[in-house]
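In: Please find the sequence and the predicted model below.
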Amino acid sequence: MPMSATITFLGGADTVTGSKYLIEHQHHRLLVDCGLFQGYKQLRLRNWAPLPVAPSQIDAVLLTHAHLDHSGYIPLLVHEGFKGRIHATRGTSDLCKILLPDSGHIQEEDAAFANRHGFSRHAPALPLYTKQHALDSLSHLHPQDLHTWFEPIRGWKARFQRAGHILGAASLLLEVAGRRILFSGDLGRPDDALMHPPEAPPQADTVLVESTYGNRQHPAKPCFAELGPLLQKLAKRGGVAVVPVFAVGRAQAVLHAIAQLKAAGELPRGLPIFLDSPMAIHTTALFEKHMGQHRLSLAEVQAMDRVATMLQTPEQSKSLATRHGPMVILAASGMATGGRVLHHLARYAGDHRNMVILTGFQAPGTRGASLAAGQSQIRIHGQEVAVRAEIAQIASASAHADSDQVLSWLQGMPGAPDQVYVVHGEREASDRLRQRIEHDIQWRAVVPEHGATWPL
Ligand SMILES: [Zn+2]
C-alpha cells in the first residue's frame, strides 16, 4: 500500500502563535513555517521543549512570511542541526535578515536584564538563542519568485502566491504524493491601505486556513479615520501616545495614516512623531526596494518616511525621556511582549493625560491583551506599573482578513477541497470559522489539536 503523506501540527493549532506544520512522506520531512510561541507562559515554554523530530532530520523549511510567530524559531532550528534550505519569497527573505538578528538581540537583552535585576526564577536566565545564532542561520535562506514552482525535496513541488498581510507574505501550494496542500499563510485584508489583496486560492485537496479573526468583523473605517480623532484629542491635552507596533507592517500602516492626516491638515504638522525601532526603520526602507509589492507610490513611501523622526540608537531612544508632550512614540513590539516599547510604557502608562494605542491583534497572555482588557496594572521588567493612561485599540490597523473576508477568499477556490484545517487562531475564533465553513459553504473542516498528526 503506498504510504500517504502526513501533517503534524507542531504550532499554530489552538493558538495564533508558534506556526509549524511538519509534512512527512517516505523518510522525507519539511516544515511549513518555523515560528516562535508568544503570549502565555505555558505557550512560551514550548519554545524550550525539543521538537518531536531532530532538526537534522528535516530536509527543508518553507516560510509563508517573516513575522516572528512564523519565522522566529529558525535560529534555534539551525543551531540544533538543521542543514537544509529555507525557501521564502524575496520580500520575506529580506525581512528575515532584519527580524531574526533583532529577535536574538532581544532574547539576549531580556536574559541580561533578568540577571542584572535578579527577577528571573532561573539563575542565570539564558536567551533562547543569540543574535549570532540568528546571523548564522541567514545563509540558509533561499529566495523564490512568486508563482514559480520549485522542488524543496526531490519529487515535491511548491509555489508561492501573494497573501497581502505584510511585505513578502505568501500563501503556499505544496504538492506531495499526488496531493495538493494549500497553506493560506496569514491573509491580508482586501481593503488594506498598504498591501495588495490576497490572490484567489488555486484548487487543492487540503487547505490550512488562518483564523486570527475567525469570529470577528473589522469596521469599514480606514485607519486614518480611527486614528485622527484620538491623536487630535491627545495633541490638545499635551499628552504622550505610546503606540506598540509590529515593526513590520503595522508601523508602516500607522505612519502612512499619520502622513495622510498631516497632509489633510487634520493633525498639527508640528505634532512630533517618533519611530523608536531600528527594525521598523529598516522595514520602512524596504518598501522603497520592493515597489510594486505593495500599494504605495514612491511619493507615499517617502511621505511615510518623512513623517517621523527615526531613532536608531539606545541613546536617542533614552533622550525621549527628557521631552514633554504632546508627542507620539511608535515602538516595537506590537503586543508589548518585549523591545523598546516596554520602557515607554513603564514611563508613560501612569499618567491619565497619556494614551496607549494598540494597533493589531493582541494574543492572550501578552501585556497588550492585558491593556486591551483594561487592567489597572501591568508588570514590566519585574516591576508593577500602574495604568492610568487612556487605552485605545484601533481595529482598522489590523493586517488580517476578518471572518467574512477569509470565507470569501476560500470561496474563490474553483471547487471544494476534501478537508480544511482551521489553524492560527485562538480556540473560539478557530471554532467559529470552522462552523461557518461547514455551515455556509458546506466543506469539511476541523480545528486540529496541538501535536496531532493527520494523513493528507
Ligand atoms: Zn503575520
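Out: Okay, I see it. Residues are numbered from 1 along each chain as shown.

In: Might you report the residue contacts of the residue nearest in space to the middle of the chain?
Out: In the chain, the C-alpha nearest the mean C-alpha coordinate belongs to residue 67, at 3.9 Å (C-alpha atoms, centre = their mean). Residue 67 sits next to 35, 99, 166, 186, 246, 248-249 when contact means C-beta atoms under 8 Å, 6 or more residues apart in numbering. Bear in mind the C-beta positions are built from the backbone N, C-alpha and C, glycine included.

In: For stretch 10-26, measure first residue to last.
Out: 19 Å (C-alpha to C-alpha, to the nearest Å).

In: circling back: measure the residue nearest to the centre of the chain to residue 399 for me?
Out: The gap separating residue 67 from residue 399 is 9 Å, by C-beta to C-beta, to the nearest Å.

In: shared neighbours of the two, anything?
Out: 166, 186, 246, 249.

In: Verify the stated contact: the third one with residue 362.
Out: No. Residue 246 is not in contact with residue 362 according to C-beta atoms under 8 Å; the separation is 11.1 Å.

In: higher neighbour count, the two?
Out: When residue 246 is set against residue 362 and neighbours are counted by other C-beta atoms under 10 Å, the residue ahead is residue 246, at 27 against 23.

In: Which pLDDT value goes with that one?
Out: The predicted local confidence for residue 246 comes out at a pLDDT of 84.

In: Can you give me the distance of it to residue 363?
Out: Plainly put, residue 246 is 12 Å away from residue 363 if you go by C-beta to C-beta.

In: interface residues of this protein facing the ion?
Out: 67, 186 (C-beta under 5 Å from the ion).

In: where does the chain dip in pLDDT?
Out: Residue ranges of the chain with pLDDT under 70: 1-2, 118-123.

In: Please enumerate the helices of it.
Out: 41-44, 68-71, 74-79, 90-117, 131-137, 223-237, 250-263, 278-289, 298-306, 314-319, 341-348, 367-372, 403-410, 427-440 (DSSP state H).

In: Show the contacting residues for the residue of the stretch 351-456 of the chain found nearest the ion.
Out: Ranked by C-beta to the ion, the top residue of the stretch 351-456 of the chain for proximity to the ion is residue 399, at 6.6 Å. Shown here is residue 399, whose contacts under the criterion C-beta under 8 Å, 6+ apart are 164-166, 186, 188-189, 192, 195, 246, 249-250, 253, 360.

In: and if we set it to 7 Å?
Out: Contact criterion C-beta atoms under 7 Å, 6 or more residues apart in numbering gives 165-166, 188, 192, 249-250, 360 as the residues in contact with residue 399.

In: Out of these, which end up buried?
Out: Neighbour counting over the contacts of residue 399 (16 or more other C-beta atoms under 10 Å) leaves 165-166, 188, 192, 249-250, 360 as the buried ones.

In: Take these and write them to CSV, including distance to residue 159.
Out: Formatted as CSV, the buried ones among the contacts of residue 399 follow (distance: C-beta to C-beta, whole Å):
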residue, distance to residue 159
165, 18
166, 20
188, 19
192, 23
249, 23
250, 28
360, 28
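
In: quick one: which of those sit in strands?
Out: In this view, the buried ones among the contacts of residue 399 have no member that belongs to strands under DSSP state E.

In: how many neighbours does the residue lying closest to residue 310 once chain neighbours are set aside have?
Out: The shortest distance from residue 310 to any non-neighbouring residue, by C-beta to C-beta, 6 or more residues apart in numbering, is to residue 281 (4.7 Å). Neighbouring residues of residue 281 were enumerated by other C-beta under 10 Å; the total is 18.

In: surely residue 281 meets residue 275?
Out: Yes. In this structure, residue 281 sits in contact with residue 275. The criterion is C-beta atoms under 7 Å, and the distance is 6.1 Å.

In: where do the contact lists of those two overlap?
Out: Applying C-beta under 7 Å, 6+ apart, one finds that residue 281 and residue 275 are jointly contacted by residue 310.

In: So residue 166 sits against residue 248, correct?
Out: Yes. Applying C-beta under 7 Å, one finds residue 166 in contact with residue 248, separated by 5.4 Å.

In: pretty sure residue 426 contacts residue 361?
Out: No. The pair residue 426 and residue 361 does not pass the contact test of C-beta under 7 Å, sitting 9.5 Å apart.
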